[in-house]
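Participant: here is a sequence together with a model predicted from it:
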Amino acid sequence: MKKNLLYAASAALAMLLSVSAFAQVQTPPSRVGGTQQANGEEAPRMVPAMTEFYEPVPPTVTPGKFSAATQNWSAPSDAVVLFDGSNLDEWVSVRDGSPATWDIIDGTLSVNKRQGDIITKREFGDCQIHIEWCVPVGISGTGQSRGNSGLKIGGNTGYEIQILDGYNNPTYVNGMVGSVYKQTIPLANPSRPNGEWQYYDIIFTAPTFNKLGQYRTKPRVTLIYNGVVVLNDVEIIGTTSFIGIPPVNQNTTYQLMLQAHADPSAPLQFRNIWVREL
Ligand code: MG
């Protein structure tokens, strides 16, 4: 009998302890003040200052300034300027690595189709890219043969953001201006008429890879075209491919390439090209 009583008492005590433990587990850790901690002491009451941080302090960046003379904005203070109208020191020929010789005319860069594609000497990872271009008035051709260029992040084994005349120039929509070429259709077409300057602001997130060389996280891109979001944090499937499924290339740093497309239409002009590493 004594044994049974002892057993019942210890079972009741165990139940009480487990209910108490359950109550503690169920108490949300973020509850504002007045809660008991495991050691039995009162938790400090939360006040606004507890969730207000003062470091790390973001670096100061002086934003670009508008110039009445050029009717354009300068690059932010922390940008790597790739072309400011004066020279092509940051660029080389893709064909043979020789200095880039695209034509600089009145501070703008004109595609030289004889030399072919040009590429930056520097490599970038996650980055913000600004680039402006103009399709000349009177451009000839149709579709992909009308003012075709492109910004290739990673060169010919990277990812092409298509640059093409998109003003009354129908083509396949996953290859139109603002597309991730042959992959993603832009959300809108805010193209300006020929002869007017247009711009891209691109935010590129580089991929990561697993031990097998497959994407662990795919590359992603946001594209703001003439102030309009046309690619919204889009996942890139693979390296741009003209024919077939986009393959995976394991590059983790990227030179930026400007395409000299072989079509016979008049060359595009570029200006104000800069990059910020993120
Ligand atoms: Mg192109």
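Facilitator: The structure has been received and is ready for your questions. Just so it is clear, the structure is predicted and the values come from calculations on it, not from any experiment.

Participant: from here on, contacts and neighbour counts on C-alpha atoms
Facilitator: Noted.

Participant: mind telling me which residue of the stretch 151-278 of the chain is nearest the ion?
Facilitator: Residue nearest to the ion within the stretch 151-278 of the chain (C-alpha to the ion): residue 162, separated by 4.9 Å.

Participant: what strand or helix carries the residue lying closest to that residue once chain neighbours are set aside?
Facilitator: Excluding the flanking residues, the one nearest residue 162 by C-alpha to C-alpha, 6 or more residues apart in numbering is residue 150, at 4.5 Å. If you go by DSSP states H and E, residue 150 is part of strand 149-153.

Participant: quickly note the distance from the residue most central in space within the chain to residue 74.
Facilitator: Most central in the chain under C-alpha atoms, centre = their mean is residue 204, positioned 1.8 Å from the mean C-alpha point. For residue 204, the distance to residue 74 (C-alpha to C-alpha, to the nearest Å) stands at 21 Å.

Participant: would you say residue 257 is within a helix?
Facilitator: No - assessed by DSSP: H, G, I helix; E, B strand; the rest coil, residue 257 does not belong to a helix; its assignment is strand.

Participant: give me the pLDDT for it.
Facilitator: You'll see residue 257 listed with a pLDDT of 98.

Participant: separation between it and residue 222?
Facilitator: In terms of C-alpha to C-alpha, residue 257 sits 18 Å off from residue 222.

Participant: and if you look at residue 229?
Facilitator: 8 Å.

Participant: which of residue 257 and residue 222 has more neighbours?
Facilitator: Ranked by neighbour count (other C-alpha atoms under 10 Å), residue 257 and residue 222 place residue 257 first, with 25 against 18.

Participant: okay, and the beta partners of the more buried one?
Facilitator: residue 119, residue 152 (DSSP bridges).

Participant: residue 158 is in contact with that one, correct?
Facilitator: No - under the criterion of C-alpha atoms under 8 Å, residue 257 is not in contact with residue 158, lying 9.2 Å apart.
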